[in-house]
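# 3D model of this:
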Amino acid sequence: MKVRANKVHFLAVQILKTNRGYSINNEKYIAGLFCIGAPLMNFREKTIVGAVSLDFPTS
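Got it, this is the predicted structure:
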């Protein structure tokens, strides 16, 4: 497990995900699993209406 318990690092990652618009998890919590997640937006109302997550084995 490659998880870091550092508040500054956590906040930096949250800002990066917000600016980028999606999240990536490359074996942080489960060895051999790569995940991508993103919100589904209603751009007219500027609201989140759902989410999508894709998980792939790394080997």
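
# residues touching the residue nearest the centre of the chain, list them.
Nearest to the mean C-alpha position of the chain, by Cα atoms, centre = their mean, lies residue 23 at 2.2 Å. Contact analysis of residue 23 by Cβ atoms under 8 Å, 6 or more residues apart in numbering lists 17, 35, 36, 37, 38. For glycine as for every other residue, the C-beta is placed from the backbone atoms N, C-alpha and C.

# Now for those: which two are most distant?
17 and 35 (12.5 Å; Cβ to Cβ).

# Can you find the helix or strand of this structure with the lowest average pLDDT?
In the chain, the helix or strand scored least confidently by mean pLDDT, DSSP states H and E is helix 7-20, which has a mean of 78.

# helix or strand right after that helix?
strand 23-26 (DSSP states H and E).

# So what does the residue of the chain positioned farthest from its centre have for phi and psi?
Computed with Cα atoms, centre = their mean, the maximum C-alpha offset from the centroid of the chain is found at residue 44, amounting to 23.7 Å. When read as degrees, to the nearest 10, the backbone of residue 44 gives phi -70, psi -40.

# now the least confident helix or strand of the chain, how far from the centre of its chain.
Its chain's C-alpha centre lies 10 Å from the corresponding centre of helix 7-20 when counted by Cα atoms, centre = their mean, to the nearest Å.

# isn't residue 21 right next to residue 38, touching?
Yes - using Cβ atoms under 8 Å, residue 21 is in contact with residue 38, at 6.4 Å.

# Those two - which one has more neighbours?
Neighbours around residue 21 and residue 38, counted as other Cβ atoms under 10 Å, are more numerous at residue 38. The numbers are 16 against 9.

# nearest residue to that one other than its sequence neighbours?
Spatial nearest neighbour of residue 38, excluding adjacent residues (Cβ to Cβ, 6 or more residues apart in numbering): residue 22 at 4.0 Å.

# Tell me how many other residues crowd that neighbour.
What residue 22 shows, counting by other Cβ under 10 Å, is a neighbour count of 10.

# low-scoring stretches of the protein, by residue?
Applying pLDDT under 70 to the chain flags the ranges 1-5.

# make it 50
The model of the chain has no residue with pLDDT under 50.
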